[in-house]
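Peer 1: compute the structure for the input listed below.
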Amino acid sequence: MPTILLLTANDPADRLNQLAAEGKEIQRTLNSAHGKAYDVALLPECSTEDFIKELMVPNREIEIVHFAGHAGSSSLRLSDTDARASALAEKLRSQGTVKLVFLNGCATRGQVEFFHKAGIPFVFATSRPVGDDKAYWVATQFYQYLTLGRSLQEAFAEVVTDAQQLSQKVNAFRSDRSIGFDATLGADDPVEWDLYVRAGSEDTDYRLPFERPPQRAAGAVDHTAFLDELIFALENVDAPVLANVKKLAAVLREGMVPNNKKIAELLRVLPYTLGVRLRQINADPGERGANYYRELLYDYVFFFEALLQHTTALFCAQIWQNGDHSAAQAPAGFKSLRQYLTSNHLAEAPGMYVPVLEALPDLTEQAGIKNILPFGKSQLDYLHSERFRAADNFFFLQKKYYWQRVRQKDEEAQESCLLAQEFLTEAFRQFSFIVKYVLASVRSINVRNFRHLPVMYHNIVSKLILSEPEPDSLPGATMMENKSVLCFETAEFQPDTPSLNLFPFIIDRNVFTGKPNDEVDLYLFAGYFTPEGVEKPCYQYVSVQSPGKIWRFDETQHRVSLLHVGEPASLVHEANHLMAGTGEFRNFLQQFRKQFIPA
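Peer 2: A predicted model of the protein is given here:
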């Protein structure tokens, strides 16, 4: 089996912070590629003995060797010694299958000749000292392009282009992966990283081996069959709100129905969080460039994860509303739940939902709660299936491509869109029951309630419980319930109809601004963790309207900005971008954390 060998080795006296992450990230990326026909072996803290043992594994054809760590012009620092590159090259010569050696350390260009003499056609090396963070970025970006089926030379060219477009010019990357050997080597070269091709191999190239079906005909992405499948999936859901959709399904089986008619009916029943994505997925951009496909593929990712997130939120809401049952009374399942709540959802694969969705049915039962969700064997079988694992890997890679701005060719993106639609329709059949639950935002004191979404969104937030210009709080309800997004089992709800509180999984920031407004500003919970550059854990939220925008709530601050992460503050920032209900929001979160994320 063709194999990619990933070697990392840190120096306790001069640690590289990104080294472990680089190895794991590349391994996860390569293993997530659709139709991969290769193995990936990661050797963290690799010693000379570890390296030699890996070369002796039977039935293995090593095609790529990636090293990350301290290096110089003639040595690689392994965990036990500074290994001579010439000796390592001779070890690889005996393999006879190695196509690429990636030397991701400082000033490794001097080693290229050793590997070329060993018969290896391609060596990725550096001309001078390189920075740890940038070395991580270059390597992970390079392998993401390889997973798209690009050749080595194509992938390297894309990385250079990306670096220039992101104003992270490759020749600005600076040192800290050096072990002091010829640190000034090539100081005048315009680019630190380069792909060095062995003499005689100029007309050759290399691609990762894949077993993928032939690419389908290129052309504009069509959503006709996708919309049909969403409608057919709703036929078996028992909910009065779906009567018109079921009639439409019967008509569909008899003949053609315009897509705009299908979309209109789906928007009347889908939760707003899914409805917005469906509308965006089907929007006609006029021009279909690289950015169109990038955004479209992330819309598919968001739709897929929202199905899992909403199911998790509905389970947690049931547990939270039974306040007599704390985490301490059901410790086993809460471990999975706490791990989910405190992870970075933006960086994780959708598969992070599997352990928590396995645990939540038992948690509700242990807490003596009658679970209202029709979640059972069928859904769990799907989460354990090969198809879910394939979808998990696929959407994880699309998420990585989005956040690292990996550019797909039109034909690559179109094929990815077709795959995304297949995975989404399979998932929607399993989680379509969430349309039974109507979401609505209840307004509180000093918040004007003349807020109605366009008529196409009938199922959420457009149906407000309180309608006075400045209403009092709902009698008998807590302040939190008057400012949360609530979930009802019926579309014909009244203020006293039993409901589930979806805070903090789905929030409407506008109820905390303290100002009259006519916009919906819904956000989905994306984890409680410590972001890079921040000292303490913060709550992360992703915008439903614009999934590329992230909002961070730091409960240690009394003045919290409503600007998104990375968004520049304007001159009117103090007046227009500070959260008015900071104390209320913090108190709600503290109540939640006390039960679900105890110290």
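Peer 1: what number of residues lie near Asp205?
Peer 2: Residues lying near Asp205 (other C-beta atoms under 10 Å) number 15. (Glycine included, C-beta is placed from N, CA and C.)
Peer 1: am I right that it sits in a helix?
Peer 2: No - in this structure, Asp205 is coil, not part of a helix, as judged by DSSP: H, G, I helix; E, B strand; the rest coil.
Peer 1: pretty sure it contacts Gln153?
Peer 2: Yes - shown here, Asp205 and Gln153 form a contact pair, counting by C-beta atoms under 8 Å, at 5.5 Å.
Peer 1: low-confidence stretches in the stretch 101-250 of the chain?
Peer 2: Along the stretch 101-250 of the chain, the model assigns pLDDT under 70 to residues 166-191, 217-218.
Peer 1: now for Leu55: which residues touch it?
Peer 2: 62, 91-92, 94-95 (C-beta atoms under 8 Å, 6 or more residues apart in numbering).
Peer 1: next one: it from Gly131, what distance?
Peer 2: 30 Å (C-beta to C-beta, to the nearest Å).
Peer 1: ditto for Asp508
Peer 2: Asp508 sits 41 Å away from Gly131, going by C-beta to C-beta.
Peer 1: okay, the two: which has more neighbours?
Peer 2: Asp508 (23 against 19).
Peer 1: which strand residues bridge that one?
Peer 2: Per DSSP bridges, the residues bridged to Asp508 are Leu522.
Peer 1: nearest residue to Gln404 in space, ignoring adjacent ones along the chain?
Peer 2: Excluding the flanking residues, the one nearest Gln404 by C-beta to C-beta, 6 or more residues apart in numbering is Gln141, at 6.0 Å.
Peer 1: how much space between the one you found and Gly533?
Peer 2: Distance, Gln141 to Gly533, using C-beta to C-beta: 21 Å.
Peer 1: same question for Arg84.
Peer 2: The separation that Arg84 has from Gly533, given C-beta to C-beta, amounts to 39 Å.
Peer 1: for those two, indicate the residue with more neighbours.
Peer 2: Neighbours were counted for Arg84 and for Gly533 using other C-beta under 10 Å; Arg84 has more, 14 against 5.
Peer 1: so the more buried one touches Ser75, yeah?
Peer 2: Yes - counting by C-beta under 8 Å, Arg84 touches Ser75, with 6.1 Å between them.
Peer 1: was I right about Gln111 contacting Ala85?
Peer 2: Yes - if you go by C-beta under 8 Å, Gln111 and Ala85 touch, sitting 3.9 Å apart.
Peer 1: list residues touching both of the two?
Peer 2: 74, 76, 103.
Peer 1: mind checking which of the residues you listed land in helices?
Peer 2: The helices, defined by DSSP state H, take in nothing from those.
Peer 1: what element comes up after the lowest-mean-pLDDT helix or strand in the chain heading to the C-terminus?
Peer 2: Of all helical and strand segments in the chain, the minimum by mean pLDDT, DSSP states H and E falls on helix 573-576, at a mean of 56. Downstream of helix 573-576, the first helix or strand assigned by DSSP states H and E is helix 582-596.
Peer 1: tell me the buried residues in that following helix?
Peer 2: 582, 584-586, 588-589, 591-593, 595-596 (16 or more other C-beta atoms under 10 Å).
Peer 1: let me have those in CSV, adding pLDDT and distance to Val40 as columns.
Peer 2: Shown next, in CSV, are the buried residues of helix 582-596 (pLDDT from 0 to 100; distance: C-beta to C-beta, whole Å):
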residue, pLDDT, distance to Val40
Thr582, 87, 46
Glu584, 82, 48
Phe585, 88, 43
Arg586, 90, 44
Phe588, 87, 43
Leu589, 91, 39
Gln591, 86, 44
Phe592, 88, 39
Arg593, 89, 37
Gln595, 83, 40
Phe596, 86, 35
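Peer 1: could you dump those residues into CSV with distance to His223 added?
Peer 2: Below are those laid out as CSV (distance: C-beta to C-beta, whole Å):
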residue, distance to His223
Thr582, 41
Glu584, 41
Phe585, 37
Arg586, 42
Phe588, 38
Leu589, 38
Gln591, 42
Phe592, 37
Arg593, 40
Gln595, 41
Phe596, 38
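Peer 1: which residues are contacting the helix or strand containing Ile64?
Peer 2: Ile64 is part of strand 61-69, with elements assigned from DSSP H and E. Defining contact as C-beta under 8 Å, 6+ apart, one finds that strand 61-69 is touched by 1-11, 16, 19, 22-23, 26, 38, 54-55, 76-78, 92, 95, 97-105, 135, 139, 177, 206, 209.
Peer 1: any chance you could map the helices in the stretch 351-500 of the chain?
Peer 2: 353-366, 377-383, 386-403, 410-431, 479-483 (DSSP state H, counting those that start in this stretch).
Peer 1: among these, which comes closest to Gly566?
Peer 2: Gly566 lies closest, by C-beta to C-beta, to one member of the helices of the stretch 351-500 of the chain: helix 386-403, at 12.0 Å.
Peer 1: okay, the angle between the closest one and helix 353-366?
Peer 2: 120 degrees (axes from the mean of the first three to the mean of the last three C-alpha atoms, to 10 degrees).
Peer 1: just checking, what packs against helix 386-403?
Peer 2: Packing partners of helix 386-403 (3 or more C-beta pairs under 8 Å, 6 or more residues apart in numbering; DSSP states H and E): helix 19-32, helix 132-147, helix 290-321, helix 410-431.
Peer 1: nearest to Glu265, of those helices?
Peer 2: helix 410-431 (14.8 Å).
Peer 1: in stretch 483-492, what counts as buried?
Peer 2: Buried, per 16+ other C-beta under 10 Å, within stretch 483-492: 483-488, 491.
Peer 1: quick one: strands adjacent to the strand holding Ile64?
Peer 2: Here, using DSSP bridges, strand 61-69 pairs with strand 2-9 (parallel), strand 100-104 (parallel).
Peer 1: any chance of these in CSV, plus mean neighbour count and distance to Tyr145?
Peer 2: Formatted as CSV, these follow (neighbours: other C-beta atoms under 10 Å; distance: least, C-beta to C-beta, whole Å):
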stretch, mean neighbour count, distance to Tyr145
strand 2-9, 23, 14
strand 100-104, 25, 13
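Peer 1: tell me which of the ones you listed lies nearest to His564.
Peer 2: strand 100-104 (32.3 Å).
Peer 1: how far off helix 132-147 does that closest one point, in degrees?
Peer 2: Using the same axes, to 10 degrees: strand 100-104 against helix 132-147 is 160 degrees.
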